[in-house]
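Participant: quick check, what structure comes out for this input:
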Amino acid sequence: MSDPDQPTRIRVGGDAPYDVVVGHGLLAELPELLRPAQRVLVVHPTALRATGEAVRDDLTAQGFEASIAEVPDAEQAKTAQVATFLWGALGKADFTRSDAIVGVGGGAVTDLAGFVAATWLRGVKVVQLPTTLLAMVDAAVGGKTGLNTTEGKNLIGAFHSPHGVLCDLGVLETLPRNEFVAGLAEVAKCGFIADPGILDLLSDGAPAWDAPLTRELIERSIQVKADVVAGDLREAGPREVLNYGHTFGHAIEYVERYEWRHGAAVSVGMVYAAELAVLAGRLDEKTADRHRELLQTLGLPTTYQQNRWDQLLAAMKRDKKTRGDLLRFVVLSGLAKPTRLEGPDPALLQAAYSSLAP
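Facilitator: The predicted structure is shown next:
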């Protein structure tokens with residue numbers, strides 16, 4: 001168990017290693033991560049205007065030329081139009097390759113800030129300050145950045161490792177409970193693909209935001225991602241396992257016009273992947289049932305309406321893991337035993353969908 005009074009540092013290896021820091025009162029660590037940058041752009045969503053201004057003011061007091069850029073909330077931020085707005089802000093402020101961007105917000109903002117950092121002058125420093133559980137354990141860690149288009153989610157993107165990630169647990173106090181629960185889907189995913197101990201810790205349901213158990217869950221989930229990412233930054237092989245539940249989950253998000261929370265969609269996506277694996281003879285029914293039982297215990301959805309198949313299938317065919325016309329899914333052959341299922345029979349795909357009926 002971590003010392004509650006001390007930050008935990010989880011190293012993410014690779015060509016550009018960095019630390020993910022978990023703890024309380026971490027803003028004091030930000031200036032050192034940004035130096036020798038002179039100019040800093042703090043990107044924040046509308047809902048976190050006060051937080052973004054506080055970060056800017058603190059950096060200004062530390063001697064940086066800090067400015068802020070407010071972007072729309074949630075997935076509405078992840079568009080080419082918003083990225084263009086941020087590029088314009090960087091250009092007007094004369095940002096150079098030695099300057100930096102800070103992303104303050106949930107997964108949509110960290111994705112956006114990372115993408116803009118990756119593309120401005122072919123790459124400037126970015127430090128992420130995730131403010132949601134989902135962003136802490138998933139979006140802010142790993143260096144995957146992305147924008148959505150009218151054709152699908154995250155179809156535009158780049159790999160760009162952050163210079164550091166500061167997960168200040170205090171921000172979870174004001175996180176709406178349904179957002180916190182949605183983030184637990186990504187925590188559970190880490191349990192299913194790599195660390196079954198996480199599933200045991202979740203067996204009694206969603207913990208309180210400030211429970212010692214929550215910190216342990218966050219740290220173990222980040223460690224899972226760090227271990228996978230270190231050997232495969234650009235998703236050439238093993239990193240694909242982190243997309244467990246995401247092929248179907250992203251399709252739900254697209255069909256629902258991003259009105260579903262990402263974690264809720266991934267929850268249904270994991271149930272779909274488990275059922276597909278059972279039908280394909282890869283996974284035992286007991287483990288598939290455990291998906292439903294655990295996710296329901298956490299308060300996450302495990303069913304989906306039955307009149308969207310054609311739209312969902314079309315969306316899945318645009319998934320990044322698809323190769324030509326060959327659909328590819330991350331599935332399990334057992335707990336912590338992820339593998340790939342390529343080109344499953346269309347009848348199996350639809351049968352797995354039918355199993356999600358409310």
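Participant: who's in contact with residue 114?
Facilitator: Neighbour list for residue 114: 103, 126, 128, 143, 144, 145, 158, 160, 162 [criterion: CB atoms under 8 Å, 6 or more residues apart in numbering]. Backbone N, C-alpha and C define where each C-beta goes, glycine included.
Participant: closest one of those to residue 198?
Facilitator: Ranked by distance to residue 198 (CB to CB), those are led by residue 144 at 21.2 Å.
Participant: just to revisit the earlier point, would you turn the contacts of residue 114 into a markdown table with secondary structure?
Facilitator: Shown next, in a markdown table, are these (DSSP: H, G, I helix; E, B strand; the rest coil):
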| residue | secondary structure |
| --- | --- |
| 103 | strand |
| 126 | strand |
| 128 | strand |
| 143 | coil |
| 144 | strand |
| 145 | strand |
| 158 | strand |
| 160 | coil |
| 162 | coil |
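Participant: of those residues, closest to residue 334?
Facilitator: Nearest to residue 334 among those is residue 144, at 26.5 Å by CB to CB.
Participant: go ahead and confirm the closest one touches residue 157.
Facilitator: Yes. The pair residue 144 / residue 157 is scored as a contact, 6.6 Å apart, by CB atoms under 8 Å.
Participant: now the helices for the stretch 151-300 of the chain?
Facilitator: 177-193, 196-201, 212-230, 246-255, 262-279, 285-297 (DSSP state H, counting those that start in this stretch).
Participant: give me the pLDDT value at residue 234.
Facilitator: Looking at residue 234, its pLDDT stands at 70.
Participant: got the contact list for it?
Facilitator: residue 159.
Participant: how is the protein partitioned into domains?
Facilitator: 8-175, 191-354 (automatic domain parsing).
Participant: each with direction, which strands does the least confident helix or strand in the chain by mean pLDDT pair with?
Facilitator: Within the chain, judged by mean pLDDT, DSSP states H and E, the helix or strand with the poorest mean is strand 152-159; its value is a mean of 90. Sheet pairing for strand 152-159, assigned by DSSP bridges, gives strand 144-149 (antiparallel).
Participant: list the contacts of the partner strand.
Facilitator: For strand 144-149, the surrounding residues in contact (CB under 8 Å, 6+ apart) are 75, 78-80, 83, 111-112, 114-115, 117-118, 153-160, 235, 258.
Participant: ok, now stretch 347-358?
Facilitator: In contact with stretch 347-358 (CB under 8 Å, 6+ apart) are residues 268, 271-272, 275-276, 279-280, 302-306, 309, 312-313, 327.
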